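Asker: What follows is a predicted protein model with its sequence.
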Amino acid sequence: MGFIAKQSFYNLFSIGIGFLIGAINVLFLYPIYMGDSRQGLVVGLLAISNLIQPFLSFGLQHALIKFYSGFTEKKEQDSLLWFVILLPLLFIAFLWGVYFFFPDTIQELLPISSTSNFPYLKFVLYIAISTAYFELFNSWLRVHLKSVFANFLKELYPRLLIAILIFGFSFKWFDFDQFMYYLLGGYYFRLFLIIGFSFWIHRPKWHWKLPSGWQSILRYSGLIFLAGAAASFILDIDKAMLLSFSKEDVAYYSVAVYIAAVIEAPGRALFQIISPVVAEALNVNNKERIRQLLKKSSTNLLLISGGIFLLINLNLNDFYQLIAPEYQVAFLVVQLISFGKLYSMSMGCLNQIISNSQYYHFVLFFSVFSALLAVGLNFYFIPLFGLLGAAYATLIVMMVINTLKIGLIGWKMELHPYSKDTLKIVACVALIFIVFQPVSLTFSPTINILIKSSAIAIVYSSVVFFLGLLKEVRSYMKKA
């Protein structure tokens, strides 16, 4: 098994366990012990902090991945590492200056009204700082091809932390305000862990000089910063807008999005390690390597994510029976967003190719356009359709932007992620979905899910084997 496949497997394991714990959190622990109102508040606050985070990291985590392999001397690599770690301190100082002089104005921008004594604004700012620096050190480890521990901290740790804190809250060991303080402390403990591990993997020597080509690094990171800020709106603007209507709607919508996001788990595992590999291939202009990475990642991600898509959507009725009944109002949200997620996975590592190539400036166009489109569609659809309106907006944005990205790579680099195997996989997924959709079992929800999932897995695996698609997986695992 190649190192890409090996680390992707370990990352997928962490992500899978993380999703399982996260599912327990959002589907059971939050609703039972904290209620949908508090759940919506916590999710909404974290979403707002994610909107702020790109303004602090300034896209430097992406610049590190793009430029690190282009430096051949250790001295230059070390200078780059220090540069991306120290520069965000300027943005953090500016942020706190704005907060110091205009606290009331900023507080009014948060769609929260509460009589609690907990300082929500400071919570959002502290979490944003912690997350920004975590992403920087995450990239530090990724360029050294050490993604497993960082992925554990990124995907599994926060969900495990929340599960432990909810249990403590349920036993009345602390109140809700203290829950929020412990959550904040947990995020900073995670940051200290990744900083320590990063310096253990590689301790850069201090050099009193900027890395060569620092102007290009700043231009790239500035553009990625703008793109990242826009992309954050795509990820969290729907939750932030729903929060201004109803905390409960944020909870229902977040659960639905969380269920659909499981489809992305294989991609998230792969991209943790493949991004620096793509950057290196682009830096040495290895076009054949780039083509292989794109095609193979597309086929294998679509194959694995297609199976997850079927398991989720064909068990959705029974799955919702296991959680609080009121959450089922977001049933169609899962189906709409999961379709968009599957389309995104079919693109393979195309996003990594764009952001690390000479066409990276298109990332800003895509992000700004998608952000504007997301804001406009959410403003239009949410008042009309509520939760479903947010899902319509998200799906349209994903479909339009991903199609434009595929067109860009085809136009500029004469590449595309698809092959005849793509058609086979799509036909297989569609056929199994049509066959199993009408099937309704009359046992308990748990038994229904076990029986149906087993049948789907057997049929899907058999069809995939018959179509000769498993050999692609085996080939990728050996060579990647």
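Answerer: Yep, it's here.

Asker: residue ranges with poor pLDDT in the stretch 351-480 of the chain?
Answerer: Residues of the stretch 351-480 of the chain that meet the criterion pLDDT under 70 lie in 470-480.

Asker: same question but for the stretch 101-250 of the chain, I mixed them up
Answerer: Along the stretch 101-250 of the chain, the parts satisfying pLDDT under 70 run over 102-118, 207, 228-248.

Asker: try 90
Answerer: Regions of the stretch 101-250 of the chain meeting the criterion pLDDT under 90 cover residues 101-128, 132, 135-156, 158-159, 166-172, 174-180, 198-250.

Asker: got the residue ranges for the helices in it?
Answerer: Along the stretch 101-250 of the chain, the stretches classed as helices by DSSP state H, counting those that start in this stretch are 103-109, 120-143, 148-151, 157-170, 176-201, 214-245, 247-261.

Asker: okay, these, which one's buried deepest?
Answerer: Mean neighbour count, computed with mean count of other CB atoms under 10 Å, is highest for helix 247-261 among those, reaching a mean of 24. Heads up, the C-betas are built off the backbone N, CA and C, glycines and all.

Asker: which helices and strands does the next helix or strand after that one pack with?
Answerer: Scanning forward in sequence from helix 247-261, with DSSP states H and E defining helices and strands, the next element found is helix 265-283. The helices and strands touching helix 265-283, judged by 3 or more CB pairs under 8 Å, 6 or more residues apart in numbering; DSSP states H and E, are helix 3-24, helix 60-68, helix 120-143, helix 148-151, helix 287-313, helix 331-345, helix 350-356.

Asker: Report the angle between the third one and helix 176-201.
Answerer: Going back to what we said before, that points to helix 120-143. Angle between the axes of helix 120-143 and helix 176-201 is 20 degrees (criterion: axes from the mean of the first three to the mean of the last three CA atoms, to 10 degrees).

Asker: try the second one
Answerer: Compare the direction of helix 60-68 with that of helix 176-201 by the same axes, to 10 degrees and you get 10 degrees.

Asker: So what's the residue count around Asn448?
Answerer: By other CB atoms under 10 Å, the residues close to Asn448 number 19.

Asker: how close does it get to Leu441?
Answerer: To Leu441, Asn448 is 4 Å away according to CB to CB, to the nearest Å.

Asker: overlap in contacts of these two?
Answerer: A shared contact of Asn448 and Leu441, defined by CB atoms under 8 Å, 6 or more residues apart in numbering, is any residue touching both; here these are Asp318.

Asker: Can you classify Ser440 by secondary structure?
Answerer: Of the three states, Ser440 takes coil under DSSP: H, G, I helix; E, B strand; the rest coil.

Asker: tell me the contacts of it?
Answerer: Taking CB under 8 Å, 6+ apart as the test, what Ser440 contacts is Asn317.

Asker: Quickly note the distance from it to Tyr380.
Answerer: According to CB to CB, Ser440 stands 35 Å off from Tyr380.

Asker: quick one on the thing from earlier: could you dump the helices of the stretch 101-250 of the chain to TSV with distance to Met345?
Answerer: Listed next are these as TSV, based on distance: least, CB to CB, whole Å:
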stretch	distance to Met345
helix 103-109	34
helix 120-143	20
helix 148-151	18
helix 157-170	21
helix 176-201	27
helix 214-245	16
helix 247-261	11
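
Asker: looking at those helices, which is closest to Leu293?
Answerer: Distance to Leu293, taken as CB to CB, is lowest for helix 120-143 among the helices of the stretch 101-250 of the chain, at 15.6 Å.

Asker: So which other helices or strands are in contact with whichever helix or strand Phe381 is part of?
Answerer: The secondary structure element spanning Phe381 is helix 361-385 (assigned by DSSP H and E). Here helix 361-385 is seen to pack against helix 214-245, helix 350-356, helix 387-412 when contacts are counted using 3+ CB pairs under 8 Å, 6+ apart.

Asker: What residues of it count as buried?
Answerer: For helix 361-385, a neighbour-count test (16 or more other CB atoms under 10 Å) marks 362-364, 366-368, 370-371, 373-375, 377-378, 381-382 as buried.

Asker: Check stretch 260-269 too.
Answerer: Burial within stretch 260-269, assessed by neighbour count using 16+ other CB under 10 Å, is assigned to 260-269.

Asker: and the two most separated of these?
Answerer: Of all pairs drawn from the buried residues of stretch 260-269, the widest gap by CB to CB lies between Ala260 and Ala269 and measures 17.0 Å.

Asker: coming back round to it: just put the buried residues of stretch 260-269 in TSV and tack on distance to Tyr460 and pLDDT.
Answerer: Written out in TSV, the entries for the buried residues of stretch 260-269 read as follows (distance: CB to CB, whole Å; pLDDT from 0 to 100):
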residue	distance to Tyr460	pLDDT
Ala260	19	86
Ala261	20	83
Val262	16	84
Ile263	14	89
Glu264	19	86
Ala265	17	80
Pro266	15	81
Gly267	19	81
Arg268	21	74
Ala269	20	72
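
Asker: how about those residues in CSV, adding distance to Leu395?
Answerer: What follows is the buried residues of stretch 260-269, written out as CSV (distance: CB to CB, whole Å):
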residue, distance to Leu395
Ala260, 10
Ala261, 14
Val262, 17
Ile263, 13
Glu264, 14
Ala265, 19
Pro266, 20
Gly267, 18
Arg268, 20
Ala269, 24
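
Asker: Just give me the closest of those residues to Phe309.
Answerer: Distance to Phe309 across these (CB to CB) is lowest for Ile263, with 5.5 Å.

Asker: residues contacting the closest residue to the closest one other than its chain neighbours?
Answerer: The shortest distance from Ile263 to any residue that is not its chain neighbour, by CB to CB, 6 or more residues apart in numbering, is 4.2 Å, and that residue is Lys341. Under the criterion of CB under 8 Å, 6+ apart, the contact partners of Lys341 comprise 260-261, 263-264, 305, 309, 398.

Asker: Looking at those residues, spot the one nearest Ile85.
Answerer: Glu264 (28.6 Å).

Asker: and the gap between the residue nearest to Ile263 and Leu141?
Answerer: The gap separating Lys341 from Leu141 is 26 Å, by CB to CB.

Asker: Ok, Thr422 next?
Answerer: Computed with CB to CB, the distance linking Thr422 and Leu141 is 32 Å.

Asker: Outside of the helix or strand that contains Ile456 itself, which residues are in contact with it?
Answerer: In the assignment (DSSP H and E), Ile456 maps to helix 445-466. Outside helix 445-466, the residues that touch it by CB under 8 Å, 6+ apart are 303, 306-307, 310-311, 314-315, 318-319, 321-322, 425, 428, 431-432, 435-436, 439, 441-443, 470.

Asker: Apply 6 Å and report the result again.
Answerer: Contacts of helix 445-466 from elsewhere in the structure, counted by CB atoms under 6 Å, 6 or more residues apart in numbering, are 307, 310-311, 315, 318, 321-322, 428, 432, 441, 470.

Asker: filter the residues you listed to the buried ones?
Answerer: 307, 310-311, 315, 318, 428, 432.
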